[in-house]
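> how does the following fold in three dimensions:
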Amino acid sequence: MRRVLALIAAMLLCLPAPATAAGTRIKDIATLKGVRDNQLVGYGLVTGLQGTGDTLRNAQFTEQSLQSMLDRMGINVRDARLRTRNVAAVMVTADLPPYTGTGSRIDVTVTSLGDATSLKGGTLLMTPLMGGDSLTYAAAQGPLAVSGFSVGGQAETVTQGVPTAGRIPNGALIEREVPGTFRDLPELVFELKNPDFKTATMVADAINAYALARFHRRVAAPRDQRAIALQRPSNIAQTRFVAEIGDLTVNPDTPARVVVDQRTGTVVIGRNVQISTVAVTHGNLTVRVTEAPEVSQPAPFSNGQTAVVPRTEVAVNEQPGRMAIIGGSDLQTLVRGLNNVGLKPSDIISILQAVKTSGALQAELVVQ
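The predicted model follows:
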């Protein structure tokens, strides 16, 4: 009996503690103004392709780039007719994180610029990456990692994914740092990723509650629905001050919003969406038009001519629709009401647009 009780006690100790209602960290819903990535771009060549590169006759810029590269290496091919299919012209893009030092490495994305069918197995030659100021900040080089593939013959081709785009992990070496340091920021301002007046106020209140306990003074003030300005106390380093504030948690307010994508049939309904009680009926009307022309053949030994007589068949089919009462003060009730009608996602999109027009949808409807 004691062994059984000991085993039960051990099992209870191993069970995870119940999760408590925790908020979202400030650094997950806001960014520090002025601390951002910088976009880099470059033009280069990928070699080592197995006959899947650019057709030099169609992509003349690839031939010119290849000739220029060989000229810089002391090989004169200006008068030669290049016929290789193992080279592809590509664009190289990367995001330079803030305050990245010289010698660090970042990932790069490589995409085909010509008519290459696949970059699989290729190697990017050294490519300078420039910023918006036309200065070179990094140099990229290395073998590509391509997830897609394309296999085919004369009559059929099978393609999965995107074989003309790939990535090089840690493929770019930082050669120049962006001017400025974290200490050079003129002010500390947190900017919400989803602007909202209530969320901005809650963030400022959470920061001030922390500051009153730590520094015995308020340090945050919301400027608008996006920005919260901070005043750093003199007895704490700027890096530690931002780090401690970033770990504070709040429960951000979410707007009542419905997002629909007509291309994919995706419908996303926010938590605070409400619909006033409405009666909805929806039916499908299908009209099928079929052309079946007939040939009119004249009688033998007559002067008539063969003629084509048009024949059109029109079929109309209207499916009966179901009427349902839709309305709810929470998301579960709303989804249950839509499901009771038994509709497809495309039909739900049409109904939501009609309900919004009637004024019963108490939310913002975003159609993409």
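> list the buried residues of stretch 124-144.
124-125, 127-129, 131, 137-142, 144 (16 or more other Cβ atoms under 10 Å). Backbone N, C-alpha and C define where each C-beta goes, glycine included.
> same check on stretch 67-84?
So stretch 67-84, judged by 16+ other Cβ under 10 Å, has buried residues 67, 69.
> which residues are contacting that stretch?
Under the criterion Cβ atoms under 8 Å, 6 or more residues apart in numbering, residues 45, 53, 56, 63, 66, 125 lie in contact with stretch 67-84.
> turn the residues you listed into CSV, columns for distance to residue 252.
Shown next, in CSV, are the contacts of stretch 67-84 (distance: Cβ to Cβ, whole Å):
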residue, distance to residue 252
45, 47
53, 49
56, 55
63, 54
66, 53
125, 46
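> quick one: which of the residues you listed sit in helices?
63, 66 (DSSP state H).
> hang on, the earlier thing: which ones among the buried residues of stretch 124-144 are found in strands?
Members of the buried residues of stretch 124-144 lying in strands (criterion: DSSP state E): 124-125, 127-129, 137-142.
> rewinding a little: which among the contacts of stretch 67-84 gets closest to residue 25?
Ranked by distance to residue 25 (Cβ to Cβ), those are led by residue 125 at 42.3 Å.
> if I look at that closest one, how far off is residue 115?
19 Å (Cβ to Cβ, to the nearest Å).
> ok, now residue 27?
For residue 27, the distance to residue 115 - Cβ to Cβ - is 45 Å.
> and the helices in the stretch 151-300 of the chain, which stretches?
197-214, 238-246 (DSSP state H, counting those that start in this stretch).
> what's the mean pLDDT across the last one?
Pointing back at helix 238-246 there. Mean pLDDT, helix 238-246: 92.
> helix 197-214 and that one, what's the angle between them?
120 degrees (axes from the mean of the first three to the mean of the last three Cα atoms, to 10 degrees).
> in helix 238-246, what's buried?
For helix 238-246, the neighbour count (16+ other Cβ under 10 Å) marks 241-242, 245 as buried.
> same question, stretch 253-267
By 16+ other Cβ under 10 Å, the buried positions in stretch 253-267 come out as 258, 260, 267.
> name the helix or strand of this structure that has the lowest mean pLDDT.
The helix or strand of the chain with the poorest confidence is helix 2-14; it has a mean of 42 (mean pLDDT, DSSP states H and E).
> now the stretch 251-368 of the chain, which segments are flagged as low pLDDT?
Scanning the stretch 251-368 of the chain for pLDDT under 70 picks out 280-292, 301-302, 304, 311-343.
> phi and psi next, for residue 70.
Torsion angles at residue 70 (phi, psi; degrees, to the nearest 10) stand at phi -70, psi -30.
> can you give me the strands for the stretch 251-368 of the chain?
257-261, 266-269, 274-282, 285-291, 294-296, 307-309, 312-318, 322-328, 361-362, 364-367 (DSSP state E, counting those that start in this stretch).
> could you do the stretch 1-150 of the chain as well?
24-25, 30-32, 38-47, 88-96, 105-112, 123-130, 136-143, 149-152.
> much appreciated, bye for now.
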